[in-house]
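Sequence plus predicted model, see below.
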2 protein chains.
Amino acid sequence: MNDTKFHNKLSAGSPAYLPLYKQVEEYVKQLIVEQRWKVGEILPNEFQLAEEFNVSQGTVRKALSALTDAKILYRRQGVGTFVSEHTGQQALYRFFPLVADGKKPELPMSETISRKIELAQGDVLENLQLKQGEKVIVLSRRRKIDSELCILEDIYLPEKYFEGMMEEPEIPHTLYHFYQTNYRHTVQDISDCIKAILPTKADAKSLGIKPTEPLLQFTRLSKSLTGQLIEFRQTRCRSDNYHYLVKFD
Amino acid sequence: MNDTKFHNKLSAGSPAYLPLYKQVEEYVKQLIVEQRWKVGEILPNEFQLAEEFNVSQGTVRKALSALTDAKILYRRQGVGTFVSEHTGQQALYRFFPLVADGKKPELPMSETISRKIELAQGDVLENLQLKQGEKVIVLSRRRKIDSELCILEDIYLPEKYFEGMMEEPEIPHTLYHFYQTNYRHTVQDISDCIKAILPTKADAKSLGIKPTEPLLQFTRLSKSLTGQLIEFRQTRCRSDNYHYLVKFD
DNA sequence: TAGTGGTCTAGACCACATT
DNA sequence: ATGTGGTCTAGACCACTAC
């Protein structure tokens, strides 16, 4: 027990070598995944963690700063260090890049219109790296911006990571927060593949647009803190009054 | 002279207060803009800079690390710290998000097919925040991926920031490197606004596609290290075999 | 072998938030 | 008044690169 968890003096030539602060960073991340501290909870202060890990306070600080940059933690001067929560505004600004032309980004209301479970196949199976025979939960949603219907999306979740979702009484519209609090999956990084397409007949009808009016489509693959592929989503959006906004640096 | 350039003891209540490492960071950035060290050149080591700025080596390190994260500098262990250069691969991977479906990102060849100068108006004037009567240089380019023509773009540059470009014998295809080396403008951050559109007749003809086939369009606004708006560009891309790829975190 | 950046430590002081 | 994170310093040692 009470082993020294970290090793300062590993030969740097060793293939497994990681700097101490990096080891601390990985370990703290793991502890969050294991729910030693739940979402929103405060961590011990830097000196307490330093003592527990047998490293200096400066090394802990470097690790916590990195996790703060990655939005996994947040810190409040004079108060403490907390596990980040994917709640409301914050998560939407971070993961929702669709904006009405000439307006500020806005949090869109979203309504789940169907929920079913089916065998994974095709793109879904491939992108989520599932095996033949594994099942996915499929959510179909539509969103409004400024009370106008403009977005349709289908969301595919591996059943193995979201057991019991079919029995949920209701699916809230802030999905990432829902994943985090009800299924312990914190979305950590996403990649969006964006294309211009023509709507299907069904989509054109739903959105109330002409079949020749192009849509912006993006397919998203989301990874959790642990690196698991937890969500595949395909979103179609009217592009006459909305755009996808990207900022680098 | 040899004034102390930085002040440790400013009251933190002061509205102008900046931490020392931040002051150093800003100052080094300014020195790069002023070409004290040119693109690709090595900086003095941390101790020399620390002495010059009258701060500790650790404070210099923190400043240089931030600039390294921002890709303004790069560091090589055992060698030194250098001013980043927007050259070839590196700049393309960073700023060129269009990918052929099912392939790795690839550096596209680009050909400038026209160059002219005109009065700024409409979107161009507004986005570049120019005044009525100011001029812009307009470059029209087309790019191939896998030897297939797939991208058309118009690039608008404020003449005041690019004097003499109309007299250049040739415009190279690595534009951002060209801006940096010939006009001292290092592109630091960009924002892309992405939409799905139908091609104009002219674009459909150039790209050899049907007028009903949608295109991916993005309009980009680029800022330099100094915060000046130096480029507005509008790009149209075939979306049947190409997509725009975004990764967060 | 010399010089550089990378890691780690220890300790001082400050600003901020809560009690 | 207390405890937290934020800043700053000084110094030791390591690993990498070039000569």
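Nice, I can see it.

Can you pull the residues of chain A lying near DNA strand D?
Proximity of chain A to DNA strand D, by Cβ under 7 Å from any atom of the strand, involves residues A:11-13, A:43, A:45-47, A:58, A:61, A:65, A:75-81. C-betas here are computed from N, CA, C, even on glycine.

what about 10 Å?
A:8-14, A:17, A:19, A:42-50, A:56-58, A:60-62, A:64-65, A:68, A:73-82 (Cβ under 10 Å from any atom of the strand).

just checking, which of these belong to helices?
Using DSSP state H, the members of the residues of chain A next to DNA strand D that fall in helices are A:46-50, A:57-58, A:60-62, A:64-65, A:68.

check contacts around the residue nearest to the spatial centre of chain A.
Central residue of chain A (Cα atoms, centre = their mean): A:V187, 2.2 Å from the mean position. For A:V187, the contacting residues are A:H86, A:F95, A:Y176, A:Y179, A:Q180, A:S222, A:K223, A:S224, A:I230, A:E231, by Cβ atoms under 8 Å, 6 or more residues apart in numbering or on different chains.

Who are the contact partners of the second one?
Contacts of A:F95 were listed using Cβ under 8 Å, 6+ apart, and they are A:Y176, A:V187, A:I190, B:F248.

Burial check on the third one, number of neighbours?
If you count neighbours by other Cβ atoms under 10 Å in any protein chain shown, A:I190 ends up with 18.

same thing with the first one?
When neighbours are counted by other Cβ under 10 Å, A:Y176 registers 20.

so the nearest residue in space to it that is not next to it in sequence is in which element?
Spatial nearest neighbour of A:Y176, chain neighbours left out: A:H86 (4.4 Å); criterion: Cβ to Cβ, 6 or more residues apart in numbering or on different chains. Using DSSP states H and E, A:H86 maps to neither a helix nor a strand.

shouldn't A:H86 be in contact with A:N182?
No. Counting by Cβ atoms under 8 Å, A:H86 sits too far from A:N182 to count as a contact (11.7 Å).

Looking at these two, which one has more neighbours?
Between A:H86 and A:N182, A:H86 has the larger neighbour count (other Cβ under 10 Å), namely 21 against 13.

Check the gap between the more buried one and B:E34 for me.
43 Å (Cβ to Cβ, to the nearest Å).

Equivalent analysis for A:K210, please.
From A:K210 over to B:E34 (counting by Cβ to Cβ), the distance is 55 Å.

Ok, A:T174 next?
For A:T174, the distance to B:E34 - Cβ to Cβ - is 47 Å.

Next: A:A91.
For A:A91 relative to B:E34 (Cβ to Cβ), the value is 41 Å.

quick one, which of these two is more surrounded?
Taking neighbours as other Cβ under 10 Å, A:A91 and B:E34 compare with A:A91 leading, 20 against 9.

Ramachandran coordinates for that one?
phi -70, psi -40 (degrees, to the nearest 10).

Return the set of buried residues in the helix or strand bottoming out on mean pLDDT in chain A.
Least confident helix or strand, chain A: helix A:88-95 with a mean of 80, by mean pLDDT, DSSP states H and E. Going by neighbour count (16 or more other Cβ atoms under 10 Å in any protein chain shown), the buried part of helix A:88-95 is A:A91, A:L92, A:F95.

just those residues now: which is nearest chain B?
Comparing these against chain B with Cβ to the nearest Cβ places A:F95 closest, at 6.9 Å.

Tell me the spacing between the closest one and DNA strand C.
27 Å (Cβ to the nearest atom of the strand, to the nearest Å).

Could you measure from that residue over to A:Q188?
11 Å.

Over to A:T219?
18 Å.

With A:F248 instead?
19 Å.

Same check on A:E159?
With Cβ to Cβ as the criterion, A:E159 and A:Q188 are 21 Å apart.

Residue ranges in chain A under the pLDDT threshold?
Chain A contains residues with pLDDT under 70 at A:1-16.

What residues does it have near DNA strand C?
For chain A, the residues in contact with DNA strand C (Cβ under 10 Å from any atom of the strand) are A:6-10, A:12, A:17-25, A:46-47, A:50-51, A:53-63, A:76-80.

what do you get if the cut-off is 6 Å, keeping everything else the same?
Within chain A, the residues that sit near DNA strand C (Cβ under 6 Å from any atom of the strand) are A:N8, A:P19, A:L20, A:Y21, A:V55, A:S56, A:G58, A:T59, A:R76, A:Q77, A:G78, A:V79.

Which of these has the largest number of neighbours?
Going by other Cβ under 10 Å, A:T59 tops the residues of chain A next to DNA strand C with 23 neighbours.

what sits against that one?
Taking Cβ under 8 Å, 6+ apart as the test, what A:T59 contacts is A:L20, A:Y21, A:V24, A:A50, A:F53.

My read is that the fourth one contacts A:S56, right?
By that I understand A:A50. Yes. Under the criterion of Cβ under 8 Å, A:A50 makes contact with A:S56 at 5.8 Å.

Dump the C-alpha coordinates for stretch A:183-201 into CSV.
Provided in CSV are the C-alpha atoms of stretch A:183-201 (Å, rounded to 0.1, in the frame of the first residue of the first chain):
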residue,chain,number,x,y,z
TYR,A,183,-23.5,7.2,-18.7
ARG,A,184,-20.2,8.5,-17.4
HIS,A,185,-19.0,9.3,-20.9
THR,A,186,-17.3,12.7,-21.2
VAL,A,187,-16.9,13.7,-24.9
GLN,A,188,-13.4,14.8,-25.3
ASP,A,189,-12.7,15.3,-28.9
ILE,A,190,-14.7,15.3,-32.1
SER,A,191,-14.0,15.4,-35.8
ASP,A,192,-16.5,16.7,-38.3
CYS,A,193,-16.5,15.9,-42.0
ILE,A,194,-18.4,18.5,-43.9
LYS,A,195,-20.0,18.2,-47.3
ALA,A,196,-22.5,20.0,-49.5
ILE,A,197,-25.4,17.7,-50.6
LEU,A,198,-28.9,17.8,-52.1
PRO,A,199,-31.7,16.9,-49.7
THR,A,200,-33.5,13.6,-49.9
LYS,A,201,-37.2,14.0,-50.6
